[in-house]
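I need the structure of the sequence given here:
(chains A, B, C and D)
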Protein chains: 4
Amino acid sequence: MGQKIKVTIWNEYRHEKINEQVKKVYPNGIHAPIAEGLAAHCDIRIATLDEVEHGLTDAVLDDTEVLIWWGHTAHNEVADEVVERVHRRILAGMGCIILHSAHYSKLFKKLMGTSCSLNWRDTGEKERLWVVSPGHPIAQGIGAYFELEQEEMYGEHFDIPVPDELVFVSWFKGGEVFRSGCCYQRGMGKIFYFRPGHETFPTYYDANVQKVISNAVQWAIPTERPSPLYMDAAPLESLLL
Amino acid sequence: MGQKIKVTIWNEYRHEKINEQVKKVYPNGIHAPIAEGLAAHCDIRIATLDEVEHGLTDAVLDDTEVLIWWGHTAHNEVADEVVERVHRRILAGMGCIILHSAHYSKLFKKLMGTSCSLNWRDTGEKERLWVVSPGHPIAQGIGAYFELEQEEMYGEHFDIPVPDELVFVSWFKGGEVFRSGCCYQRGMGKIFYFRPGHETFPTYYDANVQKVISNAVQWAIPTERPSPLYMDAAPLESLLL
Amino acid sequence: MGQKIKVTIWNEYRHEKINEQVKKVYPNGIHAPIAEGLAAHCDIRIATLDEVEHGLTDAVLDDTEVLIWWGHTAHNEVADEVVERVHRRILAGMGCIILHSAHYSKLFKKLMGTSCSLNWRDTGEKERLWVVSPGHPIAQGIGAYFELEQEEMYGEHFDIPVPDELVFVSWFKGGEVFRSGCCYQRGMGKIFYFRPGHETFPTYYDANVQKVISNAVQWAIPTERPSPLYMDAAPLESLLL
Amino acid sequence: MGQKIKVTIWNEYRHEKINEQVKKVYPNGIHAPIAEGLAAHCDIRIATLDEVEHGLTDAVLDDTEVLIWWGHTAHNEVADEVVERVHRRILAGMGCIILHSAHYSKLFKKLMGTSCSLNWRDTGEKERLWVVSPGHPIAQGIGAYFELEQEEMYGEHFDIPVPDELVFVSWFKGGEVFRSGCCYQRGMGKIFYFRPGHETFPTYYDANVQKVISNAVQWAIPTERPSPLYMDAAPLESLLL
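A predicted model of the protein is given here:
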């Protein structure tokens, strides 16, 4: 792993500025502890909603191998044009990590083709994430399970396509389960949805959460090969005989 | 199977009116032989692009268990509002069979979340469809393979999500292969993409093709159960202790 | 569904004869309530370990479309020859429902190719089975979830191949989750593993459990088509040119 | 990739000693060009059928991260005990690449749980392997397809479980298709089946074939994490209330 992975963390970055509770947990933004957890093997760039083109210009994306996405309160303010641009990049091979409430982002819904709806409860309760795919690279260094003392509950049914690979299933104190770590291939791109990360809880400081995101970034780096061509194709074999 | 399945066949129905070659093959529309192949166990309704709301009003969809979709030259004329409506119905459980060039329809692309691009060659060549999932209900009554003497070629890479179930893989004379029968679950709905059916060839009169479509319709009928609710959910267990 | 499905329920049938607690719950054998739940649309045959050839002669299997299997304490007493015979039948198309502790049967381990190990706790606690595939035919008639007040706990990691389709995920009071309803295709045969059913609890009298088993039997009926031939094959196309 | 991957290539190594045609193609054994293709980033050990314990002692396996397996004519001479030992190691995390005719090895059949049968024709004909999963790491550096001028044909139906990931599909001149690059997770272990490699053709000298095997080895390295424990488990949460 000589070279560092080029990661862009996109954060909506609104809660942290206006909500005192969130500000206290994430004084430098939700992206700050995520970036710290990746610093050892990634070159990190931050992009946020309120920047021009939400900070996701072609130049930025040209220089991004894996994009991390956190959003919640302002999904609808993300310009369709930027969603289209990022979507195209993912199909062309850019990795993408979708965090928590970004299940409802325009980007994730467009990638999935489903409503991406779920059940939720924001009272803060224990979540225990169980590894169901123990040989998966995203589970590297993780025990049989790990716990988050306080998290928002997300419960099934989660309206997503069946994951290509399912890495984690969550248990919630209040009685629900959830498919919490879901891998997808779309076009050339690898996508990982990771459930935890409500803005009022210190989830992104958790060592296991940081380890999972770090593993996911490594898993999601683009495969080096030519993009498929889609064309009116001459025959490779004689059509006679 | 006492009751007949309520099937709506949606056909773009343009080629057949303006192209002499197509008119000769499908004088009553591409939908006509498809309907004939299903008549024994389905109640068939036809809907076409040039009808009001493309023939896909809420009343029609209320009365549809499985929707079959053929389109090619006018994907962009299909109103976004109708695409949204049909998409919602599929997530709510309506079955959907996507035929041939409809891989590029707004509807299929929205369901898949990918470009749905592929390679093609319209010179007319032999296609041989191999069964790779011999126990699948959509392969019922089909031999190890079946052949179509003249078809348009579609070749990999086909930019779709990995099928939940892959039933057929095609061999083409000119040297390509293609994932030709692909099953998906999206929301409550079952979707089957079936490759053959170029408008200039008599594919939909073929007994095997008709059998596959008939099997797919039976496979795709909605499952009877309550739709998932997505809500702020009270805990099912005490959060104390 | 004019014709009834030919179902053979194989039960180890030992606990019920020697353990007073089990005898009280299942006085006529664990197979009795399972059979009752299927009576409406199946012709039921019972086979047990202590019969000649465990009741699974070729004649019996010739007359079986779907085999249900419950075993626990005497997996090793099942003759390898009978396991081979049943395995061949499944690959040839016979459906198979594997219940609860039969995860550790010779048959299931042979079908899966893994250890089929899991974590367990037999203190009796609440299990809640969530539907994660709401359009799946095995979930027909089942709500968002159903509960069993007292069950043995089975917890992840469950060492099985990734299910071809995952229908249920269980939540347990003691803190675990489990993939509780797992579909597989092996050869021409359809296999469904269903978790609940410890011998000391009245699980098989539960209406939801009976409904799931009934749905699974219908899902697992053999597909009617020729078995694949595996042979030294003459070319279908000229090898010249 | 500072450290080299510890790879053991197991070769039956019989054809090369007794068949003049094979000897000419692989004078140093089929394992020789496979080893050369991996030399840059792997430490290679060779093990063969006629060694004590087939060269697969516990000490050798302790020092193996990925095992490559080629066998054909003497599957039945492989001791069951060694098959059990290797199987256990794979479930515990050792990667495994199964080549060509080893589809019929005891090991692969045990891992798959199916017959692993297929159709074949050994006249030598063109095979074209198409990439169907363009973002998969095993396709790294490979074009849209690659060709082998002379290979044995393997045709569908291939009686395997549905691959967890399907990377290649082959086209054969004689009219067949085949799922040629198949990924599986079993326990903690990653398994890749790769079709080409008949002993009479110089397939393992082909640059694309070598690249695929090299990619597969990297993909299959064990994930570093504790093996799952399977036990009678104390509750993690209170069972009261």
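
out of all of them, which strand in chain A is the longest?
Identified as the longest strand of chain A according to DSSP state E is strand A:119-131.

helices and strands around that strand, which ones?
Where contact means 3 or more CB pairs under 8 Å, 6 or more residues apart in numbering or on different chains; DSSP states H and E, strand A:119-131 is packed against strand A:145-155, strand A:165-172. For glycine as for every other residue, the C-beta is placed from the backbone atoms N, C-alpha and C.

Against chain D, how distant is the spatially closest residue to A:V7 that is not a sequence neighbour?
Leaving out its chain neighbours, the residue that sits closest to A:V7 by CB to CB, 6 or more residues apart in numbering or on different chains is A:C42, at 4.4 Å. For A:C42, the distance to chain D (CB to the nearest CB, to the nearest Å) stands at 17 Å.

what do you get for A:V132?
On the measure of CB to the nearest CB, A:V132 and chain D end up 10 Å apart.

What degree of burial does that residue show, as a neighbour count?
25 (other CB atoms under 10 Å in any protein chain shown).

wouldn't it be in contact with C:H157 here?
Yes. In this structure, A:V132 is within contact of C:H157 by CB atoms under 8 Å, at 6.5 Å.

Would you mark the buried spots in the longest helix along chain A?
Longest helix of chain A, by residue count under DSSP state H: helix A:207-220. If you call a residue buried by 16 or more other CB atoms under 10 Å in any protein chain shown, then helix A:207-220 has these buried ones: A:208-220.

Stretch A:178-196 too?
A:178-196.

what ranges do the strands span in chain A?
Under DSSP E, chain A gives strands at A:5-11, A:42-48, A:66-70, A:95-99, A:119-131, A:145-155, A:165-172, A:177-186, A:189-194.

Could you save those as JSON lines and add columns showing mean pLDDT?
As requested, the strands of chain A are exported to JSON lines (pLDDT from 0 to 100):
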{"stretch": "strand A:5-11", "mean pLDDT": "98"}
{"stretch": "strand A:42-48", "mean pLDDT": "98"}
{"stretch": "strand A:66-70", "mean pLDDT": "98"}
{"stretch": "strand A:95-99", "mean pLDDT": "98"}
{"stretch": "strand A:119-131", "mean pLDDT": "97"}
{"stretch": "strand A:145-155", "mean pLDDT": "98"}
{"stretch": "strand A:165-172", "mean pLDDT": "98"}
{"stretch": "strand A:177-186", "mean pLDDT": "98"}
{"stretch": "strand A:189-194", "mean pLDDT": "98"}
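
Can you lay out those as TSV showing distance to C:C96?
Output for the strands of chain A, formatted as TSV (distance: least, CB to CB, whole Å):
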stretch	distance to C:C96
strand A:5-11	46
strand A:42-48	48
strand A:66-70	43
strand A:95-99	37
strand A:119-131	27
strand A:145-155	31
strand A:165-172	24
strand A:177-186	26
strand A:189-194	33
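
Tell me which of these lies nearest to B:E20.
strand A:177-186 (40.7 Å; CB to CB).

Chain A against chain C: which residues are in contact?
Counting by CB under 8 Å from any CB of the partner chain, chain A comes close to chain C at A:128, A:130-134, A:144-145, A:155-158, A:162, A:165-166, A:169-172, A:175-177, A:179, A:237-238, A:240-241.

Could you pick out the buried ones from those?
Taking 16+ other CB under 10 Å as the criterion, what is buried in the residues of chain A next to chain C is A:128, A:130-134, A:144-145, A:155-158, A:162, A:165-166, A:169-172, A:175-177, A:179, A:237.

any weak-confidence spans in chain A?
In the predicted model, chain A carries pLDDT under 70 at residues A:1-2, A:241.

50 instead?
For chain A, applying pLDDT under 50 flags the ranges A:1.

Could you show which parts of it are in contact with chain D?
Taking CB under 8 Å from any CB as the contact definition, chain A meets chain D at A:1, A:93, A:128, A:131, A:133-137, A:139-144, A:164-165, A:173, A:185, A:187-190, A:222-229, A:236-237.

how about 6 Å then?
A:P134, A:G135, A:P137, A:A139, A:Q140, A:G141, A:Q185, A:M188, A:T223, A:E224, A:R225, A:P228 (CB under 6 Å from any CB of the partner chain).

Do I have it right that A:Q140 meets A:S214?
No. Using CB atoms under 6 Å, A:Q140 makes no contact with A:S214, being 9.1 Å away.

And stretch A:82-89, what's buried?
Those buried within stretch A:82-89 under the rule 16+ other CB under 10 Å are A:V82, A:V83, A:R85, A:V86, A:H87, A:R89.

returning to what we had before: pick out the most distant pair among the residues of chain A next to chain D.
The most widely separated members of the residues of chain A next to chain D are A:G141 and A:P228, with 34.0 Å between them, by CB to CB.
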